[in-house]
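S.K.: everything below, folded, please.
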Amino acid sequence: MAEPFGKVYRSIFGSSIMEEDPVTRLVWSYLLAMGYPTGEVDHTAVSLARRFNLPLASVEASLAKLAGPDPTSRTPDEDGRRIVLLDVHRNWGWRIVNFEKYLARRDRQSYQADYYQKRKGAQKTVGGDTEGKIQPVDNVDSTSSTDSTHKIEIEIERENKKEAAPKPKRKARVNDLSYPAELLRIVPDFKELWLESRKVRRLGSKTSLSAELKQIDKLATWATKYGAKVVREEIDRANTAGWQGICFNEPKGLAASPKEPAPTSTWNPLN
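M.R.: A predicted model of the protein is given here:
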């Protein structure tokens with residue numbers, strides 16, 4: 001089992017205890033360590049003097065100071081007394097008044113672990129300029145050290161900057177290919193033909209999709225001009241030869257297909 005210990009925070013150097021003599025400050029530090037985890041030091045002054053290796057008179061004087069009221073104390077409990085007797089019917093055994101506050105303070109590691117655990121389940125997004133940004137989580141122990149809190153604030157700011165940074169553009173994929181409506185009208189199964197052709201010709205991710213789109217547009221023009229048969233023949237020729245692209249050789253001796261008239265509606269609203 002680990003030996004009990006007392007944490008000493010920077011704030012102690014700005015407290016009224018620093019106005020006391022060195023022995024009183026030393027006794028106070030020892031009491032904090034001995035009081036873990038209940039905040040009770042159930043010993044006589046003689047026992048404490050022996051443990052602290054200090055003169056009994058000095059320990060008794062220090063205990064009297066710590067048990068006296070302190071109007072400058074930040075903690076108004078017990079009139080600012082740092083220790084009180086466990087039993088008013090005896091003159092030994094003390095309870096550290098605000099020990100729970102010392103106990104509640106977390107070291108940097110446990111504070112961060114607690115913070116991130118709460119933030120995980122309580123990330124908030126609000127409208128306006130802060131939309132999508134991580135907001136500080138409520139109910140995190142406010143007594144934690146200033147340094148730890150400052151580090152957490154820096155971490156939040158860093159993550160918010162990541163959120164605000166422009167996201168890299170997604171690389172184009174095969175599913176992004178678009179097919180002209182006129183081409184699909186003339187060659188209804190063109191999409192299936194083209195995707196199968198990609199597999200046959202082994203067009204991988206290195207193939208420029210923009211180049212493919214140009215070829216599809218060219219085939220759409222040919223479909224309108226020469227019909228579906230020529231489009232199918234050109235795709236078959238590229239598959240057989242294993243070409244990366246379509247070789248658009250203008251068909252010789254083939255007249256352009258007459259344009260089909262646009263369908264007319266026979267519906268008459270007056271009928």
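S.K.: would you map out the domains in this protein?
M.R.: 10-104, 174-241 (automatic domain parsing).
S.K.: would you list the ones you listed in TSV and tack on mean neighbour count and mean pLDDT?
M.R.: For the C-beta atoms, the positions are set from N, CA and C on the backbone; glycine is no exception. Below are the domains of the chain laid out as TSV (neighbours: other CB atoms under 10 Å; pLDDT from 0 to 100):
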stretch	mean neighbour count	mean pLDDT
domain 10-104	15	88
domain 174-241	15	82
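S.K.: could you redo those as a markdown table and give each row distance to Ile154?
M.R.: Compiled in a markdown table, the domains of the chain are given as follows (distance: least, CB to CB, whole Å):
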| stretch | distance to Ile154 |
| --- | --- |
| domain 10-104 | 18 |
| domain 174-241 | 39 |
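S.K.: for Cys247, which of those is the nearest?
M.R.: With CB to CB as the measure, domain 174-241 is the member of the domains of the chain nearest Cys247 (6.9 Å).
S.K.: can you show me the strands along the protein?
M.R.: Under the criterion DSSP state E, the chain carries strands at the ranges 40-41, 83-85, 94-96.
S.K.: need those in CSV (columns: distance to Leu183).
M.R.: What follows is the strands of the chain, written out as CSV (distance: least, CB to CB, whole Å):
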stretch, distance to Leu183
strand 40-41, 86
strand 83-85, 90
strand 94-96, 84
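S.K.: for Leu54, find the nearest of those strands.
M.R.: Of all the strands of the chain, strand 40-41 comes closest under CB to CB, at 14.8 Å.
S.K.: by contact count, what packs against the closest one?
M.R.: Packed against strand 40-41 by the contact rule (3 or more CB pairs under 8 Å, 6 or more residues apart in numbering; DSSP states H and E) you find strand 94-96.
S.K.: the protein: helices as residue ranges?
M.R.: 22-34, 45-52, 56-66, 99-104, 108-121, 146-164, 181-186, 190-200, 209-226, 228-241 (DSSP state H).
S.K.: for Ile83, find the nearest of those.
M.R.: Closest to Ile83 of the helices of the chain is helix 56-66 (CB to CB; 4.8 Å).
S.K.: having no further points to raise, I will conclude here.
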